[in-house]
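S.K.: Predicted model and sequence below, questions to follow.
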Amino acid sequence: MTATSPAVPAAAPTALPPAHHVGFGHLMLAEWTKIRSVRSTVWTLLLFVVLTVGFTALFTWLTASNWTSGNNAATRDATIAANPVGFILGAGIGLGQLTICVLGVLVITSEYSTGVIRSSLLAVPRRLNMLAAKAVVFALLIVVIAEIIAFTCFFVGSAILHSHVPVAIGDQNVLRAVLGAGLYLAVLGLFALSIGLLIRHTAAGITTVIGAVLVLPILSGLLPGSWGAHINAYLPEQAGSLVYSAHRTSDQLLSAWQGFGVFCLWTAVLLVAGAYLLQRRDA
Amino acid sequence: MIEARDLTKRYGDKTAVDHLSFKVEAGRVTGFLGPNGAGKSTTMRLILGLDRPQEGSATIDGRAYTDLPQPLRTVGALLEAKAMHPGRSAYNHLLFLAQTQGLPRSRVDHVLDLVGLREVARKRTGQYSLGMGQRVGIAVAMLGDPDVLLLDEPVNGLDPEGILWIRNLMKQLAAEGRTIFVSSHLMNEMAVTADHLIVIGRGKLIADCGTQEFIERSSDKYVLVRSPDAARLADLIAAQGGKAEPQPADNGGSGLLRVTDMDAARIGELAAADRVVLHELTPRLASLEEAYMELTADSSEYGAGAAPAALPAGGAAAAGTEPATTASSSTASSTTASSTTASSTTASSTTGQDSQ
């Protein structure tokens, strides 16, 4: 019954190197190939750049052109004058960070929705190694892009605001705030990735992350008394965002780096929980 | 070599794989056969470390899959579901997998040539047909030039040419001394591809034996005899220990007998000795697919204690199979081995192609 079969091309190894130790670098290279080879990464990052830089320019320009005019202008202008770098960076990041949330979730949930996770885990059955390589590569990618964008936003925004509130990169805490913006976004990416790893569904994952970043601070703001303020201060986004603000306000419970530390702790806990479930659950 | 020992996987109340033990030897194509939902895919996922068994273990060349340092260089797998990102090209899918094993890019080109997809490899896989996706899956399985291949329903979605290609590839790879473990729910497909069969139903082992042996035992063998003197012939056959049942007349005329417990040669000799005219003498095998379905349907009654036609199981524990009927049927098959082998092979390969 095989007499009429056509010749099958040889499956022989032509250029297969001898088996050798596969290091973490190989896994990182593979994760980089995964991230760069899908369009959603490129589109989401493009949207991040456009939204963040665009809204920084738009908000600072609107503010500069309405300087000293409009309702409560004096209070607003005073707040900005006290913390110009916080205002500039917050203007763009407030919206741009949502794209990082989406990308962080997608990086892991798209593997589950498409079934690629099975290919990934067959290639790297030591699941924690795969996760570590993915997290490192993704965080590095975001930190590089986000730092570039943070500096771009700062220089664009400070140029627009210059005639009203001059602010330079050498001013106290300004460099820390600009660098902190990139770090905040990278950790936010990992925060989103961890939630994606726990939930494994794109839509539910994105909803949860956006809820944690945007909705929780609003809800906790409604809580009365000092314990409400404490809860609010320790929420991931509220604590983390302190690192890209130059000045402490009088009622601030955490310093910039303390806040960032709290945000890192949130992320670490979620990532460890996700890693535990990745190890335990059937893929 | 793949070895499963007492593998058990439960999802809630449902037991998908139930104390399954078997060995898959190198150098031959081993078919993994069972109806949909029998636990074939789950078993493969357990072997590959994607799912964790509640009990038992599976090893590949003596090691658990998760302990293999460069697993794709030892084991190649094609799982039933297309496990690719529709937005990623086949080239990049293979590239990232190659990178995890420290394999060069040239290896990606090599396997793309092997499956004939080099020209379209840069296109996003979402644009691929089912058959092209299946070919990418084969390329993935062959990427690390593995000694062990697990293929879950590899012919799904392939055209007849693709099916023939896969069959020949599997046979060639087995001839090179590799271990080929291929699942299917189609008996006819396995009959023409596999050298050895592991049959499961409801997560339990039903049979673990050579394909030819399985076909002979699970097939209902009989001989159709047509004669103008059917009544006399029936008596002659009955007198010699055969069983002849008159069949209803068809458009070929009357006088049709269905003879069991006697082979065609003996019937011919009997007829010649008594000068009975024969118009037809045809050895027949009942539909292989039907016999197989009957066999696997029985497996659902294991829990109720019913013993289906048992087959010798190579593994240590053929869960629940009672080798009661084994001895008699094996003597029967050995006496008629040469003639029935030829006819049953022809019959099965013909039906195999018809069903595609």
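M.R.: Here it is on my side, so go on.
S.K.: Helix, strand, or coil at A:V165?
M.R.: coil (DSSP: H, G, I helix; E, B strand; the rest coil).
S.K.: and the gap between the residue nearest to it when sequence neighbours are not counted and chain B?
M.R.: Distances taken as Cβ to Cβ, 6 or more residues apart in numbering or on different chains place A:P84 nearest to A:V165, at 4.6 Å, with adjacent residues excluded. Every C-beta, even on glycine, is put in place using the N, C-alpha and C of the backbone. Distance of A:P84 to chain B, computed by Cβ to the nearest Cβ, to the nearest Å: 41 Å.
S.K.: For residue 84, give me its contacts.
M.R.: Let's take chain A. With contact taken as Cβ atoms under 8 Å, 6 or more residues apart in numbering or on different chains, A:P84 is in contact with A:S158, A:L161, A:V165, A:V167, A:A246.
S.K.: Can you look at chain B instead?
M.R.: A:T114, A:G115, A:V116, A:S119, B:A90, B:H93, B:T125, B:G133, B:V136.
S.K.: Quick check: helices, which of those residues are part of them?
M.R.: A:T114, A:V116, A:S119, B:A90, B:H93, B:G133, B:V136 (DSSP state H).
S.K.: Flag the least confident of the residues you listed.
M.R.: Least confident entry in those, by pLDDT: B:G133, with 91.
S.K.: nearest spatial neighbour of it, skipping sequence neighbours?
M.R.: Closest to B:G133 by Cβ to Cβ, 6+ apart is B:K82, at 4.6 Å.
S.K.: the strands in chain A, which residues?
M.R.: Assigned by DSSP state E, chain A shows no strands.
S.K.: now swap in the stretch 151-300 of chain B and tell me
M.R.: B:179-184, B:196-201, B:204-210, B:221-226, B:243-247, B:256-260, B:280-285 (DSSP state E, counting those that start in this stretch).
S.K.: Of all those, which one is nearest chain A?
M.R.: In terms of Cβ to the nearest Cβ, the element of the strands of the stretch 151-300 of chain B nearest to chain A is strand B:179-184, at 11.7 Å.
S.K.: quick one: that closest one near chain A?
M.R.: No - Strand B:179-184 is not in contact with chain A by Cβ under 8 Å from any Cβ of the partner chain; minimum separation 11.7 Å.
S.K.: before we move on, the earlier item: so which of the contacts of B:M84 comes closest to B:L114?
M.R.: B:V136 (11.2 Å; Cβ to Cβ).
S.K.: Just confirm B:V223 contacts B:L256, I think it does.
M.R.: No - using Cβ atoms under 8 Å, B:V223 is not in contact with B:L256, being 11.2 Å away.
S.K.: Between the two, which is the more surrounded one?
M.R.: B:V223 (24 against 19; other Cβ atoms under 10 Å in any protein chain shown).
S.K.: how about the helices in the chain?
M.R.: With no chain named, the answer covers chain A. Counting by DSSP H, the helices of chain A are A:24-36, A:39-65, A:73-82, A:84-114, A:116-123, A:127-161, A:174-199, A:202-210, A:216-221, A:225-233, A:236-240, A:256-280.
S.K.: Oops, wrong one, chain B.
M.R.: Using DSSP H, helices in chain B cover B:40-47, B:90-100, B:105-114, B:130-142, B:160-175, B:187-193, B:211-218, B:230-239, B:264-273, B:288-298, B:326-335, B:337-355.
S.K.: any chance of the ones you listed in a markdown table, with mean neighbour count too?
M.R.: Converted to a markdown table, the helices of chain B look like this (neighbours: other Cβ atoms under 10 Å in any protein chain shown):
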| stretch | mean neighbour count |
| --- | --- |
| helix B:40-47 | 24 |
| helix B:90-100 | 25 |
| helix B:105-114 | 19 |
| helix B:130-142 | 23 |
| helix B:160-175 | 19 |
| helix B:187-193 | 25 |
| helix B:211-218 | 22 |
| helix B:230-239 | 16 |
| helix B:264-273 | 16 |
| helix B:288-298 | 18 |
| helix B:326-335 | 13 |
| helix B:337-355 | 15 |
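S.K.: Show the contacting residues for residue 262.
M.R.: All of this refers to chain A. Contacts of A:V262 (Cβ under 8 Å, 6+ apart): A:Y234, A:P236, A:A239, A:G240, A:L254.
S.K.: The chain in question should be chain B.
M.R.: B:V223, B:I237, B:Q240, B:G241, B:G242, B:K243.
S.K.: Of the contacts of B:M84, which is the nearest to A:I108?
M.R.: For those, the nearest to A:I108 is A:V116 (10.3 Å; Cβ to Cβ).
S.K.: and the closest one, how far is that from B:P86?
M.R.: Going from A:V116 to B:P86 by Cβ to Cβ, to the nearest Å gives 10 Å.
S.K.: Could you do B:D51 as well?
M.R.: From B:D51 to B:P86 the distance is 24 Å (Cβ to Cβ).
S.K.: And the two? Which one has more around it.
M.R.: B:D51 (19 against 15).
S.K.: For the more buried one, give me phi and psi.
M.R.: Main-chain dihedrals, B:D51, degrees, to the nearest 10: phi -110, psi 150.
S.K.: low-scoring stretches of chain B, by residue?
M.R.: B:81, B:218-220, B:249-253, B:286-288, B:290-291, B:294, B:297-356 (pLDDT under 70).
S.K.: wait, what's in contact with the spatially most central residue of it?
M.R.: Taking Cα atoms, centre = their mean, the centroid of chain B lies closest to B:M190, which sits 3.4 Å from it. B:M190 makes contact with B:G31, B:L33, B:V182, B:S184, B:L197, B:T211, according to Cβ under 8 Å, 6+ apart.
S.K.: Disregarding flanking residues, what is the spatial nearest neighbour of the first one?
M.R.: To tie it back to what came earlier, the one meant is B:G31. B:A194 (3.0 Å).
S.K.: Just give me the neighbour total for that neighbour.
M.R.: Quick note: B:A194 (other Cβ under 10 Å) scores 26 neighbours.
S.K.: thought it was touching B:S183?
M.R.: No - with contact defined as Cβ under 8 Å, B:A194 does not reach B:S183; the gap is 10.2 Å.
S.K.: Mind listing the shared neighbours of the two?
M.R.: With Cβ under 8 Å, 6+ apart as the test, B:A194 and B:S183 both reach B:G31, B:L33.
S.K.: do you know how far A:I35 is from A:L141?
M.R.: Counting by Cβ to Cβ - A:I35 and A:L141 are separated by 7 Å.
S.K.: before we move on, what about A:L193?
M.R.: From A:L193 to A:L141 the distance is 12 Å (Cβ to Cβ).
S.K.: ok, so what distance separates B:G137 from chain A?
M.R.: 9 Å.
S.K.: now that residue: how far from B:L117?
M.R.: 11 Å.
S.K.: do the same with A:W266
M.R.: 45 Å.
S.K.: Same question for A:T63.
M.R.: In terms of Cβ to Cβ, A:T63 sits 56 Å off from B:L117.
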